[in-house]
Structure formats: C-alpha cells, structure tokens
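Q: the following block contains a protein sequence and its predicted model.
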Amino acid sequence: MLTFSLTLIRHGETQYNREKLLQGQGVDTPLSETGLQQGEAVGQYLKDIPFSKVFVSNLQRAVQTAEIILSNNTHCSGMGMVLEPLLRERGFGVAEGRHKEDLKNMANAAGQSCRDYTPPGGETLDQVKLRFKKFLKVLYKQILDEHGFSGPEGSPVTGDAAEASPGSSANDGLQGVSVHVLVVSHGAYIRVAIKHLVEDLKCTLPSGVKMSQLFSPCPNTGISRFILTLSQSESGPALSAARCVFTNRKDHLENLTDAE
C-alpha cells in the first residue's frame with residue numbers, strides 16, 4: 001500500500017475575481033496585488049510541509065500562486081512543478097469574460113440552477129469530473145513510479161489515528177504520512193473534485209462537518225486536504241481508502257487586509 005496526502009489549493013485573486021467576471025480557460029489573467037499577498041500568506045502557512053510532488057494548472061494565475069508557495073517553502077524552494085492541463089478551470093464557453101450575473105441570467109432563462117447550467121461552448125460538470133478522474137490516474141502512476149508500494153505491512157491512515165491535535169494546523173492529517181502532493185487549480189474545478197472524492201469515492205469525513213461547508217465555494221488560496229491510500233490490483237493501482245481532513249480552509253488569510 002501507499003498512503004499520501006493530497007492538498008488542493010485555489011489560485012490567488014485576480015482582477016477578474018475581484019470584479020466577479022468569469023475567466024474559465026479562455027481568459028488567462030495574472031494575480032492582483034491582493035492575490036500576490038494571498039499567495040505569500042498560503043506559502044507561509046504551508047512552508048514546513050515537504051511536498052513530494054507539485055501539480056499545477058497551466059493557466060498563469062495558478063502557476064504564479066504555485067511559484068509563490070514553493071518560494072516560501074523550507075523544503076521545496078527551487079523544486080520543479082508539473083504543469084497539467086487536466087487541472088485547468090472549467091470552460092465557461094460564451095460566458096467567459098462576462099459578469100457572473102450574466103451566467104445566472106442565462107441559467108434562469110434555461111430554467112436551470114446556475115451551478116448546474118452549461119453555457120454554449122462550455123464544459124458540463126461531468127466533463128470536468130472526467131478530467132479530474134484522468135488526473136487522478138496520472139497522479140497515481142507518477143507517485144507510484146517515484147515511491148512505490150510500501151509492501152504488505154503498509155496500512156491506510158484513517159480514523160482517529162490520523163486526526164490532528166485540537167485546533168487548526170497546517171499539518172492537520174499528515175501524521176504518519178511521508179508522501180505529500182500539492183495541487184494548485186481553480187474554484188469550479190476544485191468543487192467538482194471534492195464532490196467526486198466525497199460522493200463517488202466515498203471518502204470518510206471529519207466528525208461534525210456540514211455538507212454545505214464541504215461543497216461551499218473555495219475562496220482564493222483556500223486549502224482542502226485528503227489522505228488517499230493506494231493498493232495494487234490486477235488492473236493497476238486502485239484507491240483502497242480515502243479520508244477528507246478539511247475543505248476550503250482560509251485561516252492564513254485572517255491577517256490580510258482587504259482579503260476576500
């Protein structure tokens with residue numbers, strides 16, 4: 001078996017985020033000044049975690065955020081990252097570059113909820129989920145190629161044994177885990193990823209957590225973490241255990257002025 005942590009982070013704020021304009025894949029804007037500050041804040045928060053592998057959407061707002069995180073890290077400064085198109089934001093078709101209210105109006109006109117609506121030329125939620133499932137396969141292969149299985153003595157890290165001490169810490173959930181993966185992606189994509197991990201892969205949840213919190217919109221540089229255990233099967237590596245540690249954490253932003 002091989003157990004590793006998966007830490008998902010949304011990129012920092014862009015001017016389009018601030019103005020509530022949809023970026024998707026076709027609008028590729030840099031971080032705003034606030035976004036740069038958020039990147040520094042999350043980088044400082046995670047600075048002592050020795051990430052084994054870093055996967056990043058190849059859109060510049062995600063790349064910039066990852067570069068800042070790595071530059072702050074005491075173990076990973078200068079470490080290379082894997083630019084992965086499978087991690088790009090959901091495509092919003094004709095709605096890209098337009099205000100979010102326009103998307104709501106288009107959804108209302110189609111008699112659908114905004115969250116489920118697919119604008120012309122955009123990606124459906126199922127198509128985004130398929131991209132994430134493809135990414136998981138890429139992730140499993142690369143992690144196993146580099147770290148391999150620990151052998152029959154390995155065991156999944158689940159339940160109380162992996163719980164962090166009371167209070168919020170950047171190391172929550174990492175006890176007993178030696179392989180750590182960082183993924184920097186986008187808000188709509190991360191929401192789809194979390195729903196797949198929770199609903200389809202049936203990962204265990206923190207005690208007392210509300211579904212509304214699990215699936216709430218991820219703030220800029222919001223952090224989510226899962227502990228995954230792989231085992232070998234006839235068809236290749238398979239997920240044998242999964243646990244959600246937390247989602248959409250933003251403790252690192254508390255001291256930022258003008259943080260949204």
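A: Thanks, I have it. The structure displayed is predicted, hence computed values, not measured ones. Residues are numbered from 1 along each chain as shown.

Q: could you list the buried residues of the lowest-mean-pLDDT helix or strand in the chain?
A: Ranked by mean pLDDT, DSSP states H and E, the helix or strand of the chain with the weakest confidence is helix 211-214, at a mean of 86. By neighbour count on 16 or more other C-beta atoms under 10 Å, the buried set for helix 211-214 is L214. Where C-beta positions appear, they are placed from N, C-alpha and C, glycine not excepted.

Q: so how far is it from its chain's centroid?
A: 15 Å (C-alpha atoms, centre = their mean, to the nearest Å).

Q: helices or strands next to that helix in the packing?
A: strand 236-249 (3 or more C-beta pairs under 8 Å, 6 or more residues apart in numbering; DSSP states H and E).

Q: what's the strand it packs on packed up against?
A: Using 3+ C-beta pairs under 8 Å, 6+ apart: strand 236-249 touches helix 125-147, helix 211-214, strand 223-233.

Q: sort out which residues of it are buried, please.
A: Buried residues in strand 236-249 (16+ other C-beta under 10 Å): P237, L239, A241, A242, R243, C244, V245, F246, T247, N248, R249.

Q: would you reformat those residues as TSV and include pLDDT?
A: Formatted as TSV, the buried residues of strand 236-249 follow (pLDDT from 0 to 100):
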residue	pLDDT
P237	86
L239	94
A241	95
A242	97
R243	97
C244	97
V245	96
F246	95
T247	95
N248	95
R249	95
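
Q: tell me the one of the residues you listed nearest Q38?
A: When the buried residues of strand 236-249 are ranked by distance to Q38 (C-beta to C-beta), R249 comes first, at 13.0 Å.

Q: that closest one touches I223, doesn't it?
A: Yes - R249 is in contact with I223 according to C-beta atoms under 8 Å; the separation is 4.5 Å.

Q: between those two, which contacts overlap?
A: Common neighbours of R249 and I223, counting by C-beta atoms under 8 Å, 6 or more residues apart in numbering, are absent.

Q: what sits closest to L70 if chain neighbours are left out?
A: Leaving out its chain neighbours, the residue that sits closest to L70 by C-beta to C-beta, 6 or more residues apart in numbering is C76, at 5.0 Å.

Q: what kind of secondary structure is the one you found in?
A: coil (DSSP: H, G, I helix; E, B strand; the rest coil).

Q: quick check on it: phi, psi?
A: phi -120, psi 10 (degrees, to the nearest 10).

Q: what's near enough to touch it?
A: Here C76 is in contact with P50, F51, V54, L70 (criterion: C-beta under 8 Å, 6+ apart).

Q: of the residues you listed, closest to T14?
A: Distances from T14 to the contacts of C76, taken by C-beta to C-beta, are shortest for L70, at 19.5 Å.

Q: I'd guess that closest one is in a helix, am I close?
A: Yes - assessed with three-state DSSP, L70 lies in a helix.

Q: next, count neighbours for it.
A: 23 (other C-beta atoms under 10 Å).

Q: repeat for K20
A: With other C-beta under 10 Å as criterion, K20 counts 9.

Q: find me the pLDDT at Q232, would you?
A: At Q232, the model reports a pLDDT of 85.

Q: quick one: contacts for the closest residue to it other than its chain neighbours?
A: Closest residue in space to Q232, ignoring its immediate chain neighbours: F149 at 6.0 Å, by C-beta to C-beta, 6+ apart. Counting by C-beta under 8 Å, 6+ apart, F149 makes contact with M1, L2, L230, S231, Q232.

Q: secondary structure class for F149?
A: coil.

Q: low-confidence regions, this structure specifically.
A: 150-167, 257-260 (pLDDT under 70).
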